[in-house]
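[1] Just to be clear, the model below is a prediction. Sequence and coordinates:
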Amino acid sequence: MLKFAPRTSTATRVSTPPPSGGAPVVLENLTRQFAATRALDGFSLAIEPGEFVALLGPSGCGKTTALRVLAGFERPDVGRVIVDGAEISDVPAQRRDMGMVFQSYSLFPNMTARDNVAFGLRLRHQRGAQRRSRAAELLELVGLADHVAKYPHQLSGGQQQRVALARALAIEPRVLLLDERLSALDAKVRAELRDQIREVQQRLAITTVFVTHDQEEALSMADRVCVMSRGRAEQIATPSTLYSRPATPFVAEFVGVSSRVNVARTGDSVELFGRDVKIRGDDFRLDLAVMDALLRPEDVDVEAAADGLGVVTHRSFLGATTRLEIGIGGEAVKADVASSDADGFELGTRVRLSVNARDVLVTEQRPVR
Amino acid sequence: MASLELEYSLAPTEPMEPFSTGRPTKRRIRGGRGLVLVIAALYFIIPFYAAMQFSLQDIQGHFSLQPLSQILTAPGFVSALWLSTQLAVATMMITLVLMVPTVIYVHLRMPRFRRVMEVVTMLPIVIPPIVLIVGVLQASPLWLKNSQYLLALAYVVLAMPFVYRSLDAGLGALDLKTLVEASRSLGSGWFSTILRVLVPNLRSALLSASVLTLALVFGEFTMASLDNWTTLPVWIALAPTNNPRINTLVAMIFLLATCLLLMGLVSLDRSKSRHSRRS
């Protein structure tokens, strides 16, 4: 187990452990079947030491199962879990040295915040005074220095989650696992905690795996995001790549907002609003004459024009930008305009559309329902 | 005219029923509840009062506490009390050691088996104790037949319905899976998880299971008498004292003690739920 350097803290200073470097993690070809459902279907992921990776996907995509396999609460039917170069697929959860923060409040109700944090240290036979002081330090690290003697029922949801984070960090884990831990909190607390987790993770450089279905959380916190669907990794990339260069139609539609526009193909391009736009990546291999292009709202330029083919059918104020929904040729296209320019786009305004992206992602046409 | 008549007929002349405070109805309900409570209380109190009066009155009809002082010197009382205490402790320990891990396991790993468990644990209530003890005596090896702890083993079966239900309710109130997984992720094995995390959070369930087991052992007559052991209930019924008032007094004291224990449990449970509601 990685050890923090000996501490020389005073009562007034929090001695944050030096960066431990974290451990590299490899999930190799994991398959896990539950009755008729295949939760993981050949899922693979390699995580660098100290990296923060988010597993993102809709409910039932297998992200929680992947985390539980890594934690040791589920055994894969096929595949290997490798941490720090050693295979741990058969190592029980209590011997994996992984700190986990659960989705539901998992604090032990019979223990104070300090005792909860010190629980793992007690199991490691640390002396009473030493573990109490370590617990107090970690609670200070998560901003709960004044709540050490409180029981879980005396703490708010956000405070409980912070205690759970301190408890997971107390055992100096090789890997930190976070299971949709912010989903139960209100928006303000969630944003605060998000920043705090990221700060603590970066300071301690612990390899962290975070499961979420909230793309905003995943994109804002993680170094890399693994988008999952039907037990497989659809794309593993940095948040900006994932958003700007989605590898598959699923990713394009799941991450961010996309509009589908029916297009005709001409060679390795498609015609969009009167302009030829190149097909992105390998998708030109699709052997189809007619397909759907997936457009981000910011990829579409809008211009008010009396002879325009589109009509503004809906508008939503989003702060700096206003999102317009434009009906054109029986399809709905979303486009963002600066809110300062949005006055010219009242409902019913006729508009002309153009694409400002250098290429577009295409996919098969959505089946007609 | 017609419209005026209509207006007149629709105008409320008295407070309408839905807007009334409903106090008479509530009062009637409260009165009804009180009556039921009084009848139930009388049902228990009158026999208890009669027995206490019989025990504590002398021949002249004067009230006296002298029988209380005679209890300890009554022949066979202390040994019967000691035997019942030993059996109660042994039964409680065996029951909890067997049932706590079993019920936890069923909750965690075999949740579908809970219904089967409920039915199985009901069997000792359905099967008469006389049938149970005859079967146990037939099947037991001689060395066990001669031991008083055979009764404890039989009492474990009798206590199963109460203990299972207490533990089932206690575990149902916990997020068991998360607590166990949190404990294990921190490095705790199964034994340590049960002892350090689950048992402290099942305190009231364990307490009620223990008190119910205690009450059962201190009240069980059939099995003990058929197995020829003079436990407290057997002594109360059959002890050759020359003063039946003492036997009755002992029975009443144990009845009262059990009632107080159970009431203590209920109030403990209530104060706990009030506490969690406040927080």
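    It's in. Numbers count the residues shown, from 1 in each chain, chains lettered A, B, ... in the order given.
[2] Could I get the pLDDT score of A:Arg174?
    With respect to pLDDT, A:Arg174 scores 88.
[3] check contacts around it.
    Shown in contact with A:Arg174 (Cβ atoms under 8 Å, 6 or more residues apart in numbering or on different chains): A:Met1, A:Leu2, A:Gly22, A:Ala23, A:Val83, A:Asp84, A:Arg96, A:Asp97, A:Met98, A:Ile206, A:Thr207. (Each C-beta comes from the backbone N, C-alpha and C, glycine too.)
[4] before we move on, what about B:Leu96?
    Taking Cβ under 8 Å, 6+ apart, we find B:Leu96 in contact with B:Val163, B:Leu206, B:Ala209, B:Ser210.
[5] for B:Ser188, same thing?
    By Cβ under 8 Å, 6+ apart, the contact list for B:Ser188 reads A:Gln94, A:Phe119, A:Leu123, B:Arg196, B:Val197.
[6] Redo the residues you listed as TSV? Include distance to A:Ala191 and neighbour count.
    Rendered in TSV, the data for those read as follows (distance: Cβ to Cβ, whole Å; neighbours: other Cβ atoms under 10 Å in any protein chain shown):
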residue	distance to A:Ala191	neighbour count
A:Gln94	34	19
A:Phe119	29	26
A:Leu123	34	18
B:Arg196	35	17
B:Val197	32	24
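[7] any chance of those residues in JSON lines, with secondary structure and distance to B:Val89 too?
    Conversion of those to JSON lines gives the following (DSSP: H, G, I helix; E, B strand; the rest coil; distance: Cβ to Cβ, whole Å):
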{"residue": "A:Gln94", "secondary structure": "helix", "distance to B:Val89": "33"}
{"residue": "A:Phe119", "secondary structure": "helix", "distance to B:Val89": "31"}
{"residue": "A:Leu123", "secondary structure": "helix", "distance to B:Val89": "31"}
{"residue": "B:Arg196", "secondary structure": "helix", "distance to B:Val89": "24"}
{"residue": "B:Val197", "secondary structure": "helix", "distance to B:Val89": "25"}
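[8] Reformat those residues as JSON lines; add pLDDT.
    Converted to JSON lines, the contacts of B:Ser188 look like this (pLDDT from 0 to 100):
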{"residue": "A:Gln94", "pLDDT": "91"}
{"residue": "A:Phe119", "pLDDT": "94"}
{"residue": "A:Leu123", "pLDDT": "90"}
{"residue": "B:Arg196", "pLDDT": "92"}
{"residue": "B:Val197", "pLDDT": "93"}
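[9] Now render those residues as TSV, adding distance to A:Ser44.
    Conversion of those to TSV gives the following (distance: Cβ to Cβ, whole Å):
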residue	distance to A:Ser44
A:Gln94	26
A:Phe119	34
A:Leu123	33
B:Arg196	37
B:Val197	35
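[10] Give me the distance between the most centrally placed residue in chain A and A:Ser104.
    In chain A, the residue lying closest to the centroid (Cα atoms, centre = their mean) is A:Ala218, at 2.3 Å. Computed as Cβ to Cβ, to the nearest Å, the A:Ala218 to A:Ser104 distance reads 20 Å.
[11] again, but for A:Leu55
    For A:Leu55, the distance to A:Ser104 under the criterion Cβ to Cβ works out to 18 Å.
[12] now B:Gln86
    Distance of B:Gln86 to A:Ser104, computed by Cβ to Cβ: 44 Å.
[13] Next: A:Ser133.
    According to Cβ to Cβ, A:Ser133 stands 29 Å off from A:Ser104.
[14] Over to B:Leu174?
    Counting by Cβ to Cβ, the gap between B:Leu174 and A:Ser104 amounts to 11 Å.
[15] so who does A:Gly22 touch?
    Going by Cβ under 8 Å, 6+ apart, A:Gly22 touches A:Pro49, A:Gly50, A:Glu51, A:Arg174, A:Val175, A:Ala205, A:Ile206, A:Thr207, A:Thr208.
[16] and with 7 Å instead?
    Under the criterion of Cβ atoms under 7 Å, 6 or more residues apart in numbering or on different chains, the neighbours of A:Gly22 are A:Pro49, A:Gly50, A:Arg174, A:Val175, A:Ala205, A:Ile206, A:Thr207.
[17] Thanks a lot, catch you later.
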